[in-house]
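J.: kindly return the folded structure for what I paste below:
(one chain, ligands or ions: 1)
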Amino acid sequence: MPDFDYDLFVIGAGSGGTRAARVAAAHGAKVAAAEEYRVGGTCVIRGCVPKKLLVYGAHFAEDLQDAKRFGWNVPDCDFDWKTLTRHVFDEVDRISEAYGSTLATHDVEVIREHAELTGANTVRLASGREVTAGTILIATGARPQIPECPGHEFGITSNEAFHLPAIPRRILIAGAGYIANEFAGIFHQFGAHVTLINRTDVILRGYDESVRDRLLQISMMKGIQFRFHAEFRGIEQQDDGSLKVMMTNHDPVEVDCVMFATGRIPNTQNLGLAAAGVELTDKGAIRVDEDSRTNVPSIYAVGDVTDRVQLTPVAIREGQAFADTQFGGKPTRVDYGCIPSAVFSHPQMAGVGLTESQAKTKLGSVKIYTSDFRPMKNVLAGRNERALYKMVCDGETGRIVGIHMIGPDAAEILQAAAIAVKAGLTKDQFDETVALHPTMAEELVLLK
Ligand code: FAD
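T.: Residues are numbered from 1 along each chain as shown. Purely as a prediction, here's the structure:
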């Protein structure tokens, strides 16, 4: 066996890389991880965590309004973005440090530098130092895609959104995926005038049609503006500093901030992939097999850089499976079936399994059960927002193949329901469960 500096060298200490490094080290491997920015990666530093904290902060706008109907004498409140972001950044620092400590206690050497491959077992660090490793794991994540158009440099992405000096008075968000819709909700609740533009007339592709239609309807009712079939053409800065956004099929829009949420591309640049002979997919992601192995036997990749499912828990599972298989003697593969996901909009949307139309295409015979209701809290608050729960069942067996919902706390409720879908339970088994009253979740065992 050749003598390497490390058993495992991980490039990127985000969700997937950190888990893989820690678990491989716990299995006895000598591990180093290079991180060019901050330990914790996208999720901790500029993704799930700070985003969810902003969502919590934003929701107070509605809660404070609703509180009056519950007898609270709420004086006119104002909101201070700087205070919120200061506390969010403190929390981000705390979690990032916790990730660093976990790696340190597992004897993972963290090298705070850019790293790139120079061969199948060699990595060059930004300092010029070359290291060797028996196995290399690429876990470099993804970055926001910015459309090639004149004036694109005036726009920001979700990376910069957390660091805005103030809430813009008017913001245009390009895109219609979960990041676009979540930030539309956040900025709207904080008082910005939000316009969301999209190339097609479909938001949140992949989610159940009726659920995403309900979000569109509620978002429009709240005052978020949507422009469909609007292809980005460019941004011009005006003399007063405002931005004029040109798009197809619509008049230009004048705003104070433009945010691109038009997809995320795998971080494969400046990684020395060609030097090591690592192949990419047509979409520019690292091509891997079911064990996350690339075409080069000593090199593996997990997480967003492989563009399988770009979610934190998936990157973590891939990192865990890789480490258990390669260093723990426990061959494990990630099961990609029934991955729940959510949109932290106002209200939240969440889903697991097949949508109604996917089920019809795949199974032919399906049975759909829905509950379209106004949550008790919304009724008293005088908030005209209805929740929608949908259960999709195999028409032959009654097995639940999907659950989709929009309403307060939908993500929290769906996580528990996802266990049942994954376990292959039937509608009858749900119905046998006594309702927990009064809750919104009880609708799941009372569906008609
Ligand atoms: P990352 O966590 O991105 O880590 C990659 C790391 O590699 C980074 O720290 C980077 O600095 C480092 N790196 C890159 N190149 C090099 C190099 N050459 N040398 C050294 N270091 C390098 N997912 C959810 O599940 N739920 C959510 O609610 C959610 N919300 C999100 C909101 C936003 C705004 C964004 C942007 C993403 C969100 N995600 C969410 C997605 C989630 O953040 C990613 O799926 C997850 O972080 C991917 O983990 P990863 O390990 O593949 O990469």
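
J.: so what pLDDT did the residue in the stretch 251-400 of the chain that the ligand sits nearest to get?
T.: Relative to the ligand, the nearest point of the stretch 251-400 of the chain is G303 (2.1 Å; C-beta to the nearest ligand atom). Bear in mind the C-beta positions are built from the backbone N, C-alpha and C, glycine included. According to the prediction, G303 has pLDDT 98.

J.: which stretches in the stretch 151-300 of the chain count as helices?
T.: Assigned by DSSP state H, counting those that start in this stretch, the helices in the stretch 151-300 of the chain fall at 158-161, 178-189, 209-222, 273-276.

J.: so what's Q189 up against?
T.: A58, H59, F60, A61, E62, H346 (C-beta atoms under 8 Å, 6 or more residues apart in numbering).

J.: report the two of the residues you listed separated the most.
T.: Pairwise distances across the contacts of Q189 peak at 11.1 Å for F60 and H346 (criterion: C-beta to C-beta).

J.: which one of those two has more residues nearby?
T.: A side-by-side neighbour count of F60 and H346, using other C-beta atoms under 10 Å, places H346 first with 23 against 15.

J.: before we move on, the earlier item: tell me which of the helices of the stretch 151-300 of the chain sits most buried.
T.: helix 178-189 (a mean of 24; mean count of other C-beta atoms under 10 Å).

J.: now the angle between helix 209-222 and that one, please.
T.: For helix 178-189 against helix 209-222, the angle by axes from the mean of the first three to the mean of the last three C-alpha atoms, to 10 degrees is 30 degrees.

J.: ok, the most centrally placed residue in the chain to P266 distance?
T.: Geometric centre of the chain, nearest residue: L311, 5.3 Å, by C-alpha atoms, centre = their mean. L311 sits at a distance of 14 Å from P266 (criterion: C-beta to C-beta, to the nearest Å).

J.: same question for R94.
T.: R94 sits 29 Å away from P266, going by C-beta to C-beta.

J.: what of L54?
T.: In terms of C-beta to C-beta, L54 sits 25 Å off from P266.

J.: interface residues of the stretch 1-150 of the chain facing the ligand?
T.: Selection of the stretch 1-150 of the chain residues close to the ligand by C-beta under 6 Å from any ligand atom yields 11-17, 34-37, 41-43, 47-48, 51, 114-116, 139-141.

J.: could you tell me which of these count as buried?
T.: Neighbour counting with 16 or more other C-beta atoms under 10 Å marks 11-17, 34-36, 41-43, 47, 51, 114-116, 139-141 as buried within these.

J.: which ones among the residues you listed lie within helices?
T.: Residues of these located in helices (DSSP state H): S15, G16, G17, G41, T42, C43, K51.

J.: of these, closest to the ligand?
T.: Among those, and counting by C-beta to the nearest ligand atom, the member closest to the ligand is G41, at 2.4 Å.

J.: pretty sure the closest one sits against G141.
T.: Yes. Counting by C-beta atoms under 8 Å, G41 touches G141, with 5.8 Å between them.

J.: need the overlap of contacts for these two.
T.: Common neighbours of G41 and G141 (criterion: C-beta under 8 Å, 6+ apart): G12, G14, G16.

J.: reformat these as JSON lines; add pLDDT.
T.: Output for the shared contacts of G41 and G141, formatted as JSON lines (pLDDT from 0 to 100):
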{"residue": "G12", "pLDDT": "98"}
{"residue": "G14", "pLDDT": "98"}
{"residue": "G16", "pLDDT": "98"}
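
J.: between those, which sits nearest R170?
T.: Using C-beta to C-beta, the shared contacts of G41 and G141 come closest to R170 at G14, 33.2 Å.

J.: quick check: phi and psi on the residue in the stretch 1-150 of the chain positioned nearest to the ligand?
T.: The ligand sits closest to G14 of the stretch 1-150 of the chain, with a gap of 1.9 Å, by C-beta to the nearest ligand atom. Recorded main-chain torsions at G14 are phi -100, psi -150, according to degrees, to the nearest 10.

J.: phi, psi of Q348?
T.: phi -80, psi 150.

J.: who in the stretch 201-350 of the chain is up against the ligand?
T.: With C-beta under 6 Å from any ligand atom as the criterion, the stretch 201-350 of the chain comes near the ligand at residues N267, L271, G303, D304, V305, Q310, L311, T312, P313, A315.
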